[in-house]
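Undergrad: this is the structure alone, sequence omitted:
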């Protein structure tokens, strides 16, 4: 039963449409399975582990097999230097104690503060990882660069290193350390880079979730040790040392930020710094009174501190808000939704000038040729670059603006254009004239259609030139890269 349950969980993870995370979960599950096999020295464990992997991968095979084909033709091309796969900058380790040290997107100060730090790091030659060739250094990606698990959980995880010596504790402490070294882009990642297919295309910083998982398990082991250990003297000693180290780190980083970056932000009374310091102080009071307070009080206090810490941290960045505030039902979007849900009106939209951020159209039931996807064919990437060569969209995001080639947009079944600017064109009919103008493209082609003629052009550059030329008429002929098999046989 548990074997099947574990296989289903693994299969669901691999079917979650994020292959990178699925691959990392598979690696972590393999490491843990090998650990349990060697720990128990039981041949049955090998069979059970094999069944879990076979069942999970078999369940996900319906997605994995075509995905493997897609990867070979994906827009994500292999990177030659693993250090250019956007590892976690070592400067971000401070966010493990102060998650908002570089600001928070919810406070609208994340990019400005990180930008100031970047110039300081460069001035004093405190090297950052080399930028990803297509995505830059990801300095604005708060959720993939913050490994915060809470102040007290981090203390408990550190305690495990010094106090807990059983095999499970050693495994998870080692797992956490190795995950951290991998996410920092140490030479250890090179083994994955050359040894596992696909790891030469993946963003390293996303491994941070393995660190947070391992650290959370280590914190749980540490909490369990506190609840059942009589060695209170050692607990108080090591707790005092760890709390002192963390406190000095926070105060020193606060001083450096105040002196070199932004005086108005790096203040003790700023909640971004005051909250971690208060949590550290309360944690110290609890841990330094182990053996003096009743066990039930200690357990309750630990639970309350952790819940308050993590909920206050998480809800600030990812709060619950009413749907209508996140996706307001504007008159323009209501009109488009009602029209495009009619099978006869079926078509796509194009939102110029970032009017609809990538993929938000999904919430309104609207289809578009733009948006975000983790992986798509390289040919589509090249075609979208023809549609709008001046688009500012980054690697995984495709967007179009007023500079778009509308003939190619018509080929993508784009029936409506949303733009803040006025467009004068005889084939566009103004539907709504407001801050956001909506035009209906009267030349939009159907989603699928038949043309009477074909042209064979073998050179890719020549195909692109033909697509962008004035003579190209998508409703009259299709461009092929080679002669169809039946036609070749007839000629022979």
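TA: Ah, there it is. Given the structure is predicted, the values throughout are model-derived calculations rather than measurements.
Undergrad: tell me which residue is most central in this protein.
TA: residue 144 (6.1 Å; Cα atoms, centre = their mean).
Undergrad: surely that one meets residue 206?
TA: Yes. Judged on Cβ atoms under 8 Å, residue 144 makes contact with residue 206 at a distance of 5.9 Å. (Glycine included, C-beta is placed from N, CA and C.)
Undergrad: on that earlier part again, return the distance of the residue nearest to the centre of the chain relative to residue 207.
TA: Residue 144 sits 10 Å away from residue 207, going by Cβ to Cβ, to the nearest Å.
Undergrad: now swap in residue 260 and tell me
TA: Separation of residue 260 from residue 207 (Cβ to Cβ): 30 Å.
Undergrad: neighbour-wise, which of those two wins?
TA: Remark: of residue 260 and residue 207, residue 207 carries more neighbours, 27 against 15, as counted by other Cβ atoms under 10 Å.
Undergrad: so that one belongs to a strand, correct?
TA: No. Looking at residue 207 with DSSP: H, G, I helix; E, B strand; the rest coil, it is helix, so not inside a strand.
Undergrad: nearest spatial neighbour of it, skipping sequence neighbours?
TA: Of all residues not flanking residue 207 in the chain, residue 183 sits nearest, at 4.3 Å (Cβ to Cβ, 6 or more residues apart in numbering).
Undergrad: what segments of the stretch 151-300 of the chain are helices?
TA: Secondary structure of the stretch 151-300 of the chain by DSSP state H, counting those that start in this stretch: the helices cover 151-163, 167-183, 188-195, 208-228, 232-260, 271-287, 295-317.
Undergrad: check the stretch 301-450 of the chain too.
TA: Secondary structure of the stretch 301-450 of the chain (DSSP H, counting those that start in this stretch): helices at 323-326, 331-340, 378-387, 406-411.
Undergrad: just name the most buried of those.
TA: Per residue and on average, the most neighbours among these fall to helix 406-411, with a mean of 20 (mean count of other Cβ atoms under 10 Å).
Undergrad: hmm, who's touching it?
TA: Residues outside helix 406-411 that contact it (Cβ atoms under 8 Å, 6 or more residues apart in numbering): 350, 369, 383, 386-387, 400, 417, 425, 441, 443-445, 467-468, 472, 474.
Undergrad: show the buried residues in the residues you listed.
TA: By neighbour count, with 16 or more other Cβ atoms under 10 Å, the contacts of helix 406-411 hold 350, 369, 383, 387, 400, 417, 441, 443-445, 467, 472, 474 as buried.
Undergrad: ok, now which ones touch the closest residue to residue 240 other than its chain neighbours?
TA: Closest residue to residue 240 apart from its sequence neighbours, by Cβ to Cβ, 6+ apart: residue 288 at 6.2 Å. Residue 288 is in contact with 236, 239, 240, 243, counting by Cβ under 8 Å, 6+ apart.
Undergrad: swap in 10 Å and give it another go.
TA: Going by Cβ atoms under 10 Å, 6 or more residues apart in numbering, residue 288 touches 235, 236, 237, 239, 240, 243.
Undergrad: residues touching residue 316, list them.
TA: Residues near residue 316 by Cβ under 10 Å, 6+ apart: 99, 100, 104, 105, 106, 107, 271, 272, 275.
Undergrad: how much space separates it from residue 250?
TA: Residue 316 sits 18 Å away from residue 250, going by Cβ to Cβ.
Undergrad: what does residue 462 give?
TA: Using Cβ to Cβ, we find residue 462 at a distance of 61 Å from residue 250.
Undergrad: now tabulate the helices of the stretch 301-450 of the chain in CSV and tack on distance to residue 170 and mean pLDDT.
TA: Putting the helices of the stretch 301-450 of the chain into CSV (distance: least, Cβ to Cβ, whole Å; pLDDT from 0 to 100) gives the following:
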stretch, distance to residue 170, mean pLDDT
helix 323-326, 45, 87
helix 331-340, 55, 86
helix 378-387, 45, 86
helix 406-411, 59, 88
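Undergrad: of those, which approaches residue 7 most closely?
TA: helix 378-387 (33.5 Å; Cβ to Cβ).
Undergrad: tell me what that closest one is packed against?
TA: strand 397-398, helix 406-411, helix 460-468 (3 or more Cβ pairs under 10 Å, 6 or more residues apart in numbering; DSSP states H and E).
Undergrad: check contacts around residue 42.
TA: Counted by Cβ under 10 Å, 6+ apart, residue 42 has contacts 36, 48.
Undergrad: pLDDT score assigned to it?
TA: Looking at residue 42, its pLDDT reads 73.
Undergrad: got it, and residue 435?
TA: So, for residue 435, pLDDT stands at 86.
Undergrad: tell me who's in contact with it.
TA: Residues in contact with residue 435 (Cβ under 10 Å, 6+ apart) are 330, 332, 355, 420.
Undergrad: same check, this time on residue 468
TA: By Cβ under 10 Å, 6+ apart, the contact set of residue 468 is 386, 387, 389, 405, 407, 408.
Undergrad: the second one and residue 369 touch, don't they?
TA: Pointing back at residue 387 there. Yes. The pair residue 387 and residue 369 qualifies as a contact (Cβ atoms under 10 Å) at a distance of 7.6 Å.
Undergrad: for those two, list the residues in contact with both.
TA: Shared contacts of residue 387 and residue 369, defined by Cβ under 10 Å, 6+ apart, are found at 350, 398, 399, 400, 404, 408, 409, 411, 412, 414.
Undergrad: tell me where the model's unsure across the stretch 251-400 of the chain.
TA: 343-344, 390-399 (pLDDT under 70).
Undergrad: the same query, at a cut-off of 80, please.
TA: Residues of the stretch 251-400 of the chain meeting the criterion pLDDT under 80: 260, 262-263, 291-295, 341-345, 353-354, 358, 371-375, 389-400.
Undergrad: cool, the stretch 51-200 of the chain as well?
TA: For the stretch 51-200 of the chain, the stretches flagged by pLDDT under 80 are 76-78, 111-141, 164-165, 197-198.
Undergrad: contacts only, for the closest residue to residue 477 other than its chain neighbours.
TA: Closest residue to residue 477 apart from its sequence neighbours, by Cβ to Cβ, 6+ apart: residue 453 at 3.9 Å. Residues counted as contacts of residue 453 (Cβ under 10 Å, 6+ apart) are 473, 476, 477, 478.
Undergrad: looking at the residues you listed, which one is closest to residue 69?
TA: Of all these, residue 69 sits closest to residue 478, with 23.3 Å by Cβ to Cβ.
Undergrad: the helix or strand where the closest one lies - contacts with which helices or strands?
TA: Residue 478 is located in strand 477-480, with elements delineated by DSSP states H and E. Helices and strands touching strand 477-480, by 3+ Cβ pairs under 10 Å, 6+ apart, are strand 453-456, helix 460-468.
Undergrad: give me the buried positions along it.
TA: Across strand 477-480, burial judged by 16+ other Cβ under 10 Å covers no residue at all.
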